[in-house]
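Student: Turn this into a model:
(one chain, ligands or ions: 1)
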Amino acid sequence: MTATEGTSQAVRQPDGRFILQRYRDLLPITDQTPLRTLGEGGTPLLRSRVIEGELGLGALYFKLESLNPTGSFKDRGMVVAVAKAAEDGAKAVICASTGNTSASAAAYAVLHGLRAYVVVPSGRIATGKLAQAVAHGAEIVAIDGSFDDALRIVRELADRHPVSLVNSVNDHRIQGQKTAAFEIADELGDAPEVLCIPVGNAGNITAYWRGFTEYYHLEQSTKLPAVWGFQAAGAAPIVLGEPVAHPETVATAIRIGNPASWAGAVEARDASGGSITAVTDDEIMEAYRRLAKDEGVFCEPASAASVAGLMRKAREGADLSGQTAVCIITGSGLKDPESAMTIKATRHDSAAEVRDVERALGWS
Ligand code: AN7
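Tutor: Below is the predicted model of the structure:
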């Protein structure tokens with residue numbers, strides 16, 4: 001274990017390489033694959049300052065995937081998927097997205113000189129994510145429908161037109177995203193006992209399970225984590241066991257009613273002895289505020305679902321003593337400023353003079 005017990009600290013990658021180099025032998029890389037990087041991976045594993053002790057855990061870490069180049073975990077998968085598209089001679093990539101996938105696809109398309117087409121649910125993606133797709137020059141189609149509609153449409157478009165589909169139904173995405181599990185095991189010296197992760201389209205939970213099992217079979221770790229996936233209560237098809245026609249949640253990133261990697265999520269849950277459960281929007285927003293105010297971690301609401309879920313498990317009596325848990329912080333809070341502005345702020349308006357600011361603060 002690299003982190004010092006009882007202290008809050010981030011542990012950086014030891015060797016400064018990026019994931020295509022560092023885990024090359026475990027990725028579908030050939031001599032023809034263009035190894036271009038925006039600096040993805042190598043994200044900090046931050047020790048909890050407050051919540052760890054509150055929940056009685058042996059150790060709690062936050063894997064800050066929000067610190068990837070475009071601000072979400074999607075970059076790990078996209079750096080592989082877009083490189084492979086370029087290697088195969090594609091001129092364009094396409095994806096459906098609740099926001100982060102489109103931001104990442106747009107950036108990596110630029111890196112490889114490809115066009116990016118993104119199909120998103122109109123009015124339902126966070127401002128920062130749309131801003132990224134715009135800035136990177138993606139062609140954006142905002143549909144009057146859900147993410148699930150968008151995914152159905154891009155799958156068909158990719159069949160009919162010469163564009164490479166870079167949603168997580170493309171296995172190269174899963175391959176890239178599994179490297180986060182390798183990093184966690186490398187930095188902790190072994191896999192943790194518990195992995196907490198938000199579930200939307202279920203690609204990431206599938207990827208982590210693949211990563212942990214590959215590492216275990218390669219004898220790079222001696223155990224496998226219990227995988228605890230969390231869906232938003234209004235968008236919890238896997239928990240309910242059937243698709244949700246009209247998913248609804250404040251965590252727009254995981255507002256998904258019919259996940260493409262459903263089977264992968266169920267496999268991760270069952271093979272790991274884990275669970276997939278629902279957390280309410282209130283629980284998500286409470287964890288979101290706690291992460292920001294008690295841990296210094298500003299994430300987007302979907303990411304807070306992992307911590308909300310861990311808190312719920314503890315409340316329901318899960319014995320966490322002596323256990324090491326890792327919560328995946330999947331995306332940055334900066335993506336979704338509207339959610340942050342719902343927090344009650346201590347704000348004073350004042351004239352631009354010292355005396356006025358003193359009065360506003362109650363210091364005079
Ligand atoms: C911050 O961008 O589906 O279960 O289109 O952005 O692998 O889908 C985003 C998903 C969790 C869920 N946290 O991951 C998209 C999209 C954040 C996310 C998830 C997403 P998956």
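
Student: Now do the residue nearest the centre of the chain, the pLDDT please.
Tutor: Centroid check for the chain by CA atoms, centre = their mean gives residue 330 as the closest residue, at 2.4 Å. According to the prediction, residue 330 has pLDDT 98.

Student: what sits against the residue lying closest to it once chain neighbours are set aside?
Tutor: Spatial nearest neighbour of residue 330, excluding adjacent residues (CB to CB, 6 or more residues apart in numbering): residue 303 at 4.5 Å. Quick note: C-beta positions are derived from backbone N, CA and C, even for glycine. By CB atoms under 8 Å, 6 or more residues apart in numbering, the contact list for residue 303 reads 65, 66, 198, 253, 328, 329, 330, 331.

Student: How about the residues of the chain by the ligand?
Tutor: When proximity is defined as CB under 6 Å from any ligand atom, the chain approaches the ligand at 72, 97-101, 168, 198-205, 253-254, 300, 302-303, 330-331.

Student: Which ones among those residues map onto helices?
Tutor: Among the residues of the chain next to the ligand, the residues falling in helices (DSSP state H) are 100, 101, 203, 204, 205, 302, 303.

Student: next SSE after whichever helix or strand residue 20 is part of?
Tutor: Secondary structure assigned from DSSP states H and E places residue 20 in helix 19-22. Helices and strands here follow DSSP H and E; after helix 19-22, the next one along the chain is strand 45-47.

Student: Residue 180 is in contact with residue 210, correct?
Tutor: No: in this structure, residue 210 is not within contact of residue 180 by CB atoms under 8 Å, at 10.8 Å.

Student: who has more neighbours, the two?
Tutor: Remark: of residue 210 and residue 180, residue 180 carries more neighbours, 27 against 19, as counted by other CB atoms under 10 Å.

Student: who are the neighbours in contact with residue 288?
Tutor: 299, 300, 301, 304, 308, 333, 339 are the contacts of residue 288 under CB under 8 Å, 6+ apart.

Student: how near is it to the ligand?
Tutor: From residue 288 across to the ligand, the span is 12 Å (CB to the nearest ligand atom, to the nearest Å).

Student: is it true that that residue lies in a helix?
Tutor: Yes: with DSSP: H, G, I helix; E, B strand; the rest coil as the criterion, residue 288 is assigned to a helix.

Student: can you map out the strands along the stretch 1-150 of the chain?
Tutor: 45-47, 59-64, 92-96, 115-121, 139-143 (DSSP state E, counting those that start in this stretch).

Student: who does the second one touch, helix- and strand-wise?
Tutor: Using 3 or more CB pairs under 8 Å, 6 or more residues apart in numbering; DSSP states H and E as the contact test, the elements touching strand 59-64 are strand 45-47, helix 51-55, helix 179-188, strand 324-329.

Student: now that strand: how far from the chain's centre is it?
Tutor: Distance of strand 59-64 from the chain centroid (CA atoms, centre = their mean, to the nearest Å) equals 13 Å.

Student: tell me the mean pLDDT for that strand?
Tutor: 98.

Student: Just the CA trace of that strand, in PDB.
Tutor: This file holds the C-alpha atoms of strand 59-64, laid out as PDB (Å, rounded to 0.1, in the frame of the first residue of the first chain):
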ATOM      1  CA  ALA A  59      -9.900   2.400   4.300                       C
ATOM      2  CA  LEU A  60     -11.900   4.400   1.800                       C
ATOM      3  CA  TYR A  61     -10.500   5.800  -1.400                       C
ATOM      4  CA  PHE A  62     -11.900   7.900  -4.200                       C
ATOM      5  CA  LYS A  63     -10.600   7.200  -7.700                       C
ATOM      6  CA  LEU A  64     -10.700  10.600  -9.300                       C
END
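
Student: Pairing partners for that strand, with directions?
Tutor: The sheet places strand 59-64 alongside strand 45-47 (antiparallel), strand 324-329 (parallel), with pairing taken from DSSP bridges.
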